[in-house]
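S.K.: what would the 3D arrangement of this be:
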Amino acid sequence: MTNRPIGSLWGKWDLHFHTPSSYDYGNGAITDELIVEGLKFSGIVAVAVTDHHKIDVDRIVRLQRIAGPDLTIFPGIELRSELGGKESVHLIGIFSERQDPAFIWNKLQGPLGLTSQEVSSKGDDRVYVKFEQAADLIHGLNGIVSVHAGRKSNSLENIGNKFPYKQEFKTDLVKSHIDLFEIGRLEDANDYHGIVFPSIGLEKPIVICSDNHDITNYKLKSPCWVKADPVFEAFQQILSDPRDRVYLGELPPSMDRVNKNPTKYFKSISFRKLPSSSLNEDWFSGSVPLNPGLIAAIIGNKGMGKTALAESIGLLGNTAQHRAFSFLNTSKFKLPKGNKAILVQMGEKVTPPRNGPPCPAWGVCVRHGLSLFTPEMVQSQVFPHANPNSRPAIPQHPNDLQVIIDIRYQCAIMVSLSWHGLCVPCEPCAPATRSF
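M.R.: Here you go, the predicted structure:
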């Protein structure tokens with residue numbers, strides 16, 4: 001799975017999933033094809049295969065081949081540790097989809113005593129590893145460590161809190177060896193956010209997973225949504241921004257809002273030259289996908305079309321400030337030397353080509369305020385409290401989409417995009433072939 005051109009989108013992840021390679025799997029007749037089919041049918045875009053104290057290299061490779069680009073398969077392993085009371089504490093190692101699973105398994109099984117001979121001689125129910133040693137090995141292989149938490153079976157909470165030294169031990173364990181908390185009930189997340197994390201002075205991502213042992217009976221207590229590309233590098237984003245990158249529930253609020261109001265969000269903006277144009281040269285064309293939850297900046301080298309894109313959005317949004325355009329004006333792009341037109345796709349509809357000023361019958365669906373800032377003005381007006389030697393933060397407003405352009409060249413154009421009601425396409429005010 002490669003990075004999406006549109007940027008981060010919400011997708012369902014399952015970071016604890018078993019195959020028939022686990023000794024306690026419910027249905028040994030399940031095929032790899034059925035596993036992939038079942039996960040895709042359930043809308044999963046990324047899954048960690050975490051069989052008990054084993055990485056089945058051949059199966060991982062087959063699953064990745066069958067899954068193709070629509071489902072990311074992370075190699076993983078579930079381990080039983082020496083910690084806990086009546087129940088041992090389980091930890092999970094998750095590795096990159098681009099790592100060689102054979103290399104990972106060779107590095108783990110010897111030091112952890114998980115070779116086939118050792119497991120056979122002990123018996124599956126007697127296999128365990130040292131928690132800290134296993135976590136260090138996983139991290140040494142650039143993996144991620146997840147631990148059962150809350151009221152889930154084999155939870156970290158099986159290490160009691162009765163004595164202060166136990167509490168201190170758990171805190172040190174979390175700080176040094178654990179990356180993710182896997183809970184079994186949604187309500188456990190409130191306890192960690194409200195009590196545990198404030199008390200230990202840090203916050204970890206909380207996930208909920210299927211722990212499935214039979215794909216024909218695949219169920220989720222709650223979907224686990226991750227806002228990122230379905231690749232291993234996404235864990236860096238999850239770890240640095242756990243609240244905004246992970247959502248537990250039926251549907252993230254931002255997805256629900258877009259789904260209920262599809263005509264209030266741009267899906268993409270497309271550029272093309274009219275077939276009737278008399279221009280011979282090639283100019284910018286194609287489609288730019290727009291992500292309703294991510295657009296914060298238009299970044300690129302000078303002359304790469306940042307202003308053109310921002311002003312095109314303003315034009316198509318029927319801004320009243322079109323006379324302030326620095327690119328879409330009569331001295332530049334609108335020179336009367338050929339036919340040009342801009343089209344935008346909103347939802348599933350494509351508007352007619354736009355030529356000339358905005359159409360009054362459309363109604364304003366974008367407020368487009370355009371200002372050019374000198375380097376001194378960038379510091380004093382856009383970022384008045386920023387340290388001149390530090391990288392400034394982009395200002396935010398709960399109802400506006402702030403776009404900062406060309407900040408790297410000490411020149412910024414700020415564009416505020418606010419969405420108002422439905423955009424109802426109409427016939428343009430001028431013929432579609434009118435020249436700028």
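S.K.: can you point out the buried residues in stretch 302-309?
M.R.: 305-309 (16 or more other CB atoms under 10 Å). For the C-beta atoms, the positions are set from N, CA and C on the backbone; glycine is no exception.
S.K.: got TSV for those, with secondary structure and pLDDT too?
M.R.: TSV is the format used below for the buried residues of stretch 302-309 (DSSP: H, G, I helix; E, B strand; the rest coil; pLDDT from 0 to 100):
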residue	secondary structure	pLDDT
G305	coil	76
K306	helix	79
T307	helix	79
A308	helix	78
L309	helix	79
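S.K.: which residues touch E203?
M.R.: Going by CB atoms under 8 Å, 6 or more residues apart in numbering, E203 touches 193, 197, 242-243.
S.K.: phi first, then psi, for H90.
M.R.: Dihedral pair for H90: phi -100, psi 140, per degrees, to the nearest 10.
S.K.: any idea what it is bridged to?
M.R.: R80 (DSSP bridges).
S.K.: thought it was touching E78?
M.R.: Yes: contact criterion CB atoms under 8 Å: H90 and E78 qualify, at 6.0 Å.
S.K.: of these two, who's got more company?
M.R.: H90 (27 against 23; other CB atoms under 10 Å).
S.K.: does P223 touch K12 like I think?
M.R.: Yes: the criterion here is CB under 8 Å, and P223 meets it with K12 at 5.2 Å.
S.K.: between the two, what contacts are shared?
M.R.: G43.
S.K.: can you pull out the low-pLDDT segments for the stretch 151-300 of the chain?
M.R.: Residues of the stretch 151-300 of the chain meeting the criterion pLDDT under 70: 277, 279, 281-284, 293-297.
S.K.: list the residues that contact Y128.
M.R.: 79-82, 88.
S.K.: just give me the closest of these to P275.
M.R.: L79 (63.0 Å; CB to CB).
S.K.: now, among the contacts of Y128, which is nearest to S121?
M.R.: R80 (16.3 Å).
S.K.: burial of that closest one, as a residue count?
M.R.: The number of residues near R80, taken as other CB under 10 Å, comes to 22.
S.K.: can you map out the helices along the protein?
M.R.: Assigned by DSSP state H, the helices in the chain fall at 32-41, 57-67, 101-112, 116-122, 131-140, 164-177, 187-191, 197-200, 234-240, 242-245, 253-260, 306-316, 375-377.
S.K.: comparing the ones you listed, which comes out most buried?
M.R.: helix 306-316 (a mean of 22; mean count of other CB atoms under 10 Å).
S.K.: alpha carbons of that one, as PDB, please.
M.R.: C-alpha atoms of helix 306-316 as PDB (Å, rounded to 0.1, in the frame of the first residue of the first chain):
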ATOM      1  CA  LYS A 306      -0.100  27.500  -5.400                       C
ATOM      2  CA  THR A 307      -1.800  30.900  -6.000                       C
ATOM      3  CA  ALA A 308      -3.600  29.500  -9.100                       C
ATOM      4  CA  LEU A 309      -5.100  26.700  -7.000                       C
ATOM      5  CA  ALA A 310      -6.200  28.900  -4.100                       C
ATOM      6  CA  GLU A 311      -7.800  31.500  -6.400                       C
ATOM      7  CA  SER A 312      -9.500  28.700  -8.500                       C
ATOM      8  CA  ILE A 313     -11.100  27.500  -5.400                       C
ATOM      9  CA  GLY A 314     -12.200  31.000  -4.600                       C
ATOM     10  CA  LEU A 315     -13.600  31.500  -8.100                       C
ATOM     11  CA  LEU A 316     -15.500  28.200  -8.100                       C
END
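S.K.: so which elements touch that helix?
M.R.: Using 3 or more CB pairs under 8 Å, 6 or more residues apart in numbering; DSSP states H and E, the elements in contact with helix 306-316 are strand 266-272, strand 297-298, strand 341-346, strand 401-405, strand 412-417.
S.K.: list the buried ones in the longest one?
M.R.: Meaning strand 266-272. 266-269, 271-272.
S.K.: of the residues you listed, closest to H53?
M.R.: Distance to H53 across the buried residues of strand 266-272 (CB to CB) is lowest for K267, with 46.4 Å.
S.K.: so how far is K12 from the closest one?
M.R.: 21 Å (CB to CB, to the nearest Å).
S.K.: same check on K264?
M.R.: Taken as CB to CB, the span from K264 to K12 is 25 Å.
S.K.: equivalent analysis for P5, please.
M.R.: P5 is 21 Å from K12, by CB to CB.
S.K.: the two - which one has more neighbours?
M.R.: K12 (17 against 9).
S.K.: if that one is in a bridge, with which residues?
M.R.: I44, W225.
S.K.: give the contact list for it.
M.R.: 42-45, 223-226.
S.K.: what's the answer for S210, then?
M.R.: So S210 contacts 14, 16-17, 218-220 (CB under 8 Å, 6+ apart).
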